[in-house]
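Undergrad: sequence? don't have it. structure:
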Ligand SMILES: Cc1cc2nc3c(=O)[nH]c(=O)nc-3n(C[C@H](O)[C@H](O)[C@H](O)COP(=O)(O)OP(=O)(O)OC[C@H]3O[C@@H](n4cnc5c(N)ncnc54)[C@H](O)[C@@H]3O)c2cc1C
Ligand SMILES: NC(=O)c1ccc[n+]([C@@H]2O[C@H](COP(=O)([O-])OP(=O)(O)OC[C@H]3O[C@@H](n4cnc5c(N)ncnc54)[C@H](O)[C@@H]3O)[C@@H](O)[C@H]2O)c1
């Protein structure tokens, strides 16, 4: 029998799923998806085990934290109960239905799209073999989009194979809240889940390799976050894990640190030490694709891989493992597929990110340590929430916005916020940087609603010590 041949094969139903719109109606397309998480859901990481469910849990955790917020305002609130299974089922009741709908739409919907369900591997250049439930199926195409993402990295740790541990793929579906949880890793995932589980009543221990949590952030932000975390969680800095063991319902993690060996124990261990690109799962090398040393599929600015007609996007190839970046690159690939003679580039100049922990963090542009290393001429201004009117209303004493700007012309070089609504507050600064609005014009060229939170930005801009015009 002839191998089925397509105009386009898309591997991965995360951002890859969004490529197809009505302009592809006369293309013969295949989508290949193996399923993510313990339930094998359709629709990729963000929808099923990433951005969306985590933020639904974060919002719930923020609500559970209200007694702490109320206390300093003179309002006594009490957290009486956390109905974990109800929370979990509310969140996944919504998500699983969307995922099922997405799968059904592709499986039964458009006559020009064929869905192959199973793990795919390249078995030649532009040739893919999918392990479907009915056995292997080999398919070929003129063009490919590789959007196969990544997966949680597992630690090489003596004893780990005998431990029932969690990753971000599984931890949100636990049947019971544990009494205690160890979180190994202090990046995005560690910081967000530490907030979620501790706010819901779990005793959290965070284990970090270095001397700060979220150490990729601007140094002042990482330091403030670490201080606040130490007041809330059992934080072990500068620790190296040496082994792990399961003893009945308890997991024991052995560490080596500044004071020598020590052991931490809990009913659950969450591993959050980064993500591994799925270039090995798809056997990118067999497809002729160049793979970087860090496992990412190599792409150029137009998202082209080393094989003509094969494109890649998102976590499998990007330096930024963020959904808004995967979506941007998806739109670039979509355009380039439709307009092969007018290719456009991805724009990674000002990529913002946010950490939805407590407090929230959001940032764009250079950190102070990066500005220093690059020898850039800069001035900084740190504006505390506590020094603006809305900060008084909130009795905030720990949040701030740190700006970096070019002293000669006020070009904004970086913006870093730690505090309430940080991602929302950052957006006007992203806009200013992207569209080249300088600090003086941004500060005085518009009204700022009084006494709203964006006065944090206005005051920070006015506080920059720029050279006279
Ligand atoms: C816990 C968590 C929280 C996050 N929160 C945020 C956030 O708040 N904001 C943000 O911007 N980003 C967040 N991210 C990152 C974001 O989820 C990713 O950057 C984004 O989902 C990447 O999209 P993608 O399309 O590249 O890959 P994915 O969405 O991972 O899609 C890849 C798809 O390919 C499939 N696949 C892989 N290999 C094969 C194969 N061999 N055969 C068939 N199918 C295959 C997978 O099953 C998957 O469905 C979070 C990530 C995690 C883990
Ligand atoms: N709000 C968001 O946008 C959001 C939320 C979650 C995840 N994400 C994305 O997903 C990615 C993965 O998140 P993550 O937190 O797993 O990764 P991360 O890269 O943010 O943090 C990994 C942490 O693990 C540590 N680490 C790495 N290897 C280790 C090892 N062998 N032993 C001990 N510690 C080790 C690192 O020092 C770091 O603290 C993030 O980089 C981010 O791009 C984004």
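TA: Received it, and whenever you're ready, just let me know what you need. As the structure is a prediction and not an experimental result, all values here were calculated from the model. Numbers count the residues shown, from 1 in each chain. Ligands and ions are numbered 1, 2, ... in the order given.
Undergrad: OK, contacts around residue 392?
TA: Contact partners of residue 392, counting by C-beta atoms under 8 Å, 6 or more residues apart in numbering, are residue 386. Bear in mind the C-beta positions are built from the backbone N, C-alpha and C, glycine included.
Undergrad: if I look at it, how far off is ligand 2?
TA: Residue 392 sits 29 Å away from ligand 2, going by C-beta to the nearest ligand atom, to the nearest Å.
Undergrad: Check which helix or strand that residue maps to.
TA: Per DSSP states H and E: residue 392 is located in helix 389-394.
Undergrad: Of all the residues in that helix, which ones are buried?
TA: For helix 389-394, the neighbour count (16 or more other C-beta atoms under 10 Å) marks 390-391, 394 as buried.
Undergrad: And the pLDDT for the residue nearest to residue 249 when sequence neighbours are not counted?
TA: Leaving aside its chain neighbours, residue 249 sits nearest to residue 267 (5.6 Å; criterion: C-beta to C-beta, 6 or more residues apart in numbering). pLDDT for residue 267: 98.
Undergrad: what about the residue nearest to residue 219 when sequence neighbours are not counted, which SS state?
TA: Closest residue to residue 219 apart from its sequence neighbours, by C-beta to C-beta, 6+ apart: residue 369 at 5.4 Å. Under DSSP: H, G, I helix; E, B strand; the rest coil, the three-state class of residue 369 is helix.
Undergrad: before we move on, what about residue 382?
TA: Counting by three-state DSSP, the backbone at residue 382 sits in strand.
Undergrad: ok, it - how many residues close by?
TA: 12 (other C-beta atoms under 10 Å).
Undergrad: and if you look at residue 79?
TA: Neighbours of residue 79 under the rule other C-beta under 10 Å: 14.
Undergrad: you'd agree it is up against residue 67?
TA: Yes: using C-beta atoms under 8 Å, residue 79 is in contact with residue 67, at 5.4 Å.
Undergrad: which element follows the helix or strand hosting residue 263 toward the C-terminus?
TA: Here residue 263 sits within strand 260-266, counting by DSSP H and E. Downstream of strand 260-266, the next assigned helix or strand under DSSP H and E is strand 268-271.
Undergrad: Pull the residues that contact the very next helix or strand once past that next one.
TA: Note on strand 268-271: by DSSP H and E, the next helix or strand toward the C-terminus is strand 275-277. Applying C-beta under 8 Å, 6+ apart, the set of residues contacting strand 275-277 from outside is 149-153, 294-297, 315-317, 321.
Undergrad: Tell me if the helix or strand just after strand 275-277 is near ligand 1.
TA: Next helix or strand after strand 275-277 toward the C-terminus (DSSP H and E): strand 310-312. No: judged by C-beta under 6 Å from any ligand atom, strand 310-312 stays clear of ligand 1, getting no closer than 9.1 Å.
Undergrad: Of all residues in this protein, which one is nearest the centre?
TA: Nearest to the mean C-alpha position of the chain, by C-alpha atoms, centre = their mean, lies residue 322 at 4.8 Å.
Undergrad: Name the nearest residue to that residue, sequence neighbours excluded.
TA: Leaving aside its chain neighbours, residue 322 sits nearest to residue 353 (5.8 Å; criterion: C-beta to C-beta, 6+ apart).
Undergrad: residues in contact with the one you found?
TA: 188, 320, 322, 362-364.
Undergrad: State the distance from the nearest residue to residue 152 once chain neighbours are set aside to residue 159.
TA: Of all residues not flanking residue 152 in the chain, residue 167 sits nearest, at 3.8 Å (C-beta to C-beta, 6+ apart). With distances taken as C-beta to C-beta, to the nearest Å, residue 167 is found 17 Å from residue 159.
Undergrad: Tell me which of these two has more neighbours.
TA: Between residue 167 and residue 159, counted using other C-beta under 10 Å, residue 167 has the larger neighbour count: 20 against 15.
Undergrad: Give me the phi and psi angles of the more buried one.
TA: For residue 167, the backbone dihedrals (degrees, to the nearest 10) come out as phi -130, psi -180.
Undergrad: Also residue 87?
TA: Torsion angles at residue 87 (phi, psi; degrees, to the nearest 10) stand at phi -60, psi -50.
Undergrad: Surely it is in contact with residue 61?
TA: No: with contact defined as C-beta under 8 Å, residue 87 does not count as touching residue 61 (9.5 Å).
Undergrad: Find residues that contact each of those two.
TA: Common contacts of residue 87 and residue 61, defined by C-beta under 8 Å, 6+ apart, comprise residue 200.
Undergrad: returning to what we had before: and the strand holding residue 263, which strands flank it?
TA: strand 250-257 (antiparallel) (DSSP bridges).
Undergrad: quick one: residue 23 is in a strand?
TA: No: per three-state DSSP, residue 23 lies outside any strand segment and is helix.
Undergrad: At the contact with ligand 1, which residues of the stretch 101-250 of the chain appear?
TA: Applying C-beta under 6 Å from any ligand atom, we find that the stretch 101-250 of the chain lies next to ligand 1 at 119-120, 147-149, 168, 189.
Undergrad: which among the residues you listed gets closest to ligand 1?
TA: Ranked by distance to ligand 1 (C-beta to the nearest ligand atom), these are led by residue 149 at 2.3 Å.
Undergrad: Quick one: residues contacting the residue of the stretch 101-250 of the chain found nearest ligand 2.
TA: Nearest to ligand 2 in the stretch 101-250 of the chain, going by C-beta to the nearest ligand atom, is residue 187, at a distance of 1.8 Å. By C-beta under 8 Å, 6+ apart, residue 187 lies in contact with 214, 216, 272-274.
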